[in-house]
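**Student:** no FASTA, just this:
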């Protein structure tokens, strides 16, 4: 009598986005996106300060991987106001989510079409004066009204960011993460009608 071989179920690809952040402001924003998008992709944020390197990225990727079939996409979400850190980005294999001069430039693009170079302090000051919900803004935190504002105006921010010259003050490529999340939702909708 021939034995039937049990067919092993195929291992599904597990996908994750690793977003290494400069500080708490970026991490809070990424965590807000994770909750808001309800993406099937696991989104993990890690704060590394100014110690970014390929070795650090590799370490975090290895911590996330459960199996050889897992796909981890790495991102670096940083301000461009520290030249020493900027030089290290070229040595890292990751998608760069850089804001020049700071992540508040990305937040400002949700409210206004800013094309004038400014310092980080000027960006934050402009942000605080652009809409009442930003009046009490503090680095490292995002209030629920601020999160709601960012969510409702994300499309405008993406359009505004795409016309700015990359890496130049002012600019932000944070929109790339949002586009990747939108793509993951579309893939899920197609695969699960």
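**Tutor:** Looks like it arrived, so ask away. The structure presented is a predicted model; accordingly, all values stated were derived computationally and were not measured.

**Student:** residues making contact with the helix or strand harbouring residue 178?
**Tutor:** Per DSSP states H and E: residue 178 is located in helix 175-191. For helix 175-191, contacts defined as Cβ atoms under 8 Å, 6 or more residues apart in numbering pick out 15, 17, 19, 30, 33, 37-41, 43, 73, 75, 77, 95, 97, 106, 154, 157-158, 161-162. Bear in mind the C-beta positions are built from the backbone N, C-alpha and C, glycine included.

**Student:** change it to 7 Å
**Tutor:** Contacts to helix 175-191, defined as Cβ atoms under 7 Å, 6 or more residues apart in numbering, come from residues 19, 33, 37, 39-41, 75, 95, 97, 154, 157-158, 161-162.

**Student:** Redo those residues as TSV? Include pLDDT and neighbour count.
**Tutor:** Converted to TSV, the contacts of helix 175-191 look like this (pLDDT from 0 to 100; neighbours: other Cβ atoms under 10 Å):
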residue	pLDDT	neighbour count
19	98	26
33	97	22
37	93	17
39	84	19
40	83	13
41	87	19
75	98	23
95	97	16
97	98	25
154	98	18
157	98	22
158	98	18
161	98	22
162	98	14
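
**Student:** Specify which member of the residues you listed is nearest to residue 141.
**Tutor:** residue 33 (15.4 Å; Cβ to Cβ).

**Student:** Now the closest one: closest residue in space, sequence neighbours ignored.
**Tutor:** Counting by Cβ to Cβ, 6 or more residues apart in numbering, the nearest residue to residue 33 once its immediate chain neighbours are dropped is residue 181, at 6.5 Å.
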